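A.B. asks: sequence first, predicted coordinates after that:
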Amino acid sequence: MPITQPLETLEEITKIQFPQELDREEVLNYFAFLSRQVPCAITSKFGQFVNVGSRLELEENPAEVSVDYGTAEWSGSLAKTNAGFVIASFTLARNIGESVRKFTGMSFFTTPGDTLQQLNPAEVRFYRDLKQLTQEYFVQGCPEVSKKYVPED
């Protein structure tokens with residue numbers, strides 16, 4: 001009797017769970033790793049709520065103002081240009097109620113109502129490749145990737 005592989009679901013294909021949470025600098029390193037290994041260009045937007053001071057706090061201690069970094073959000077796209085152009089839009093996931101500044105995985109956007117069979121086969125291969133590279137990244141202990149930061153204007 002042949003051994004059959006269980007069928008993958010749309011969610012299994014389009015979600016990557018990190019084995020450990022990543023902070024902002026660790027995500028940049030992960031992106032650099034993916035960019036080098038695929039190769040691909042990653043364009044993303046990072047945003048974070050920041051609370052500076054509070055009326056109650058200022059009444060209690062006017063000489064000191066707190067700065068509290070709150071919930072962080074990150075989304076973007078990965079564009080693979082070698083061996084055919086493929087683009088994958090994503091958002092990074094985090095645990096609600098846990099660390100609001102650390103990320104736990106990546107989810108790729110699909111059209112609502114689409115089934116796995118309706119996805120472009122090149123996209124599915126790209127998602128699988130990214131999932132495999134993510135596993136390798138963590139197995140290798142999140143190796144530091146040399147990055148060149150472009151100065152801000």
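C.D. replies: Alright, I've got the coordinates.
A.B. asks: isn't residue 87 right up against residue 77?
C.D. replies: Yes: with contact defined as C-beta atoms under 8 Å, residue 87 reaches residue 77; the gap is 5.6 Å. All C-beta atoms are positioned from the backbone trio N, CA, C, and that covers glycine.
A.B. asks: C-alpha coordinates for the helix ranked longest in the chain, CSV please?
C.D. replies: Ranked by number of residues, the top helix in the chain under DSSP state H is helix 121-139. Coordinates of each C-alpha in helix 121-139 appear next as CSV, following Å, rounded to 0.1, in the frame of the first residue of the first chain:
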residue,chain,number,x,y,z
PRO,A,121,1.9,27.5,-8.8
ALA,A,122,4.9,29.9,-8.9
GLU,A,123,3.6,31.6,-5.8
VAL,A,124,3.0,28.3,-4.0
ARG,A,125,6.6,27.3,-4.8
PHE,A,126,7.9,30.7,-3.5
TYR,A,127,5.9,30.3,-0.3
ARG,A,128,7.3,26.8,0.2
ASP,A,129,10.9,28.0,-0.5
LEU,A,130,10.5,30.8,2.0
LYS,A,131,9.1,28.4,4.6
GLN,A,132,12.1,26.1,4.0
LEU,A,133,14.6,29.0,4.2
THR,A,134,13.0,30.2,7.5
GLN,A,135,13.5,26.7,9.0
GLU,A,136,17.1,26.8,7.9
TYR,A,137,17.6,30.3,9.4
PHE,A,138,16.4,29.2,12.8
VAL,A,139,18.3,25.8,12.6
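A.B. asks: check contacts around residue 62.
C.D. replies: Contacts for residue 62 (C-beta atoms under 8 Å, 6 or more residues apart in numbering) come out as none.
A.B. asks: now do residue 52
C.D. replies: Residue 52 sits next to 65, 66, 67, 68 when contact means C-beta under 8 Å, 6+ apart.
A.B. asks: how about residue 137?
C.D. replies: 30, 33, 34, 143.
A.B. asks: could you rerun that using 10 Å?
C.D. replies: With contact set as C-beta atoms under 10 Å, 6 or more residues apart in numbering, residue 137 has these partners: 18, 19, 29, 30, 33, 34, 37, 143, 145.
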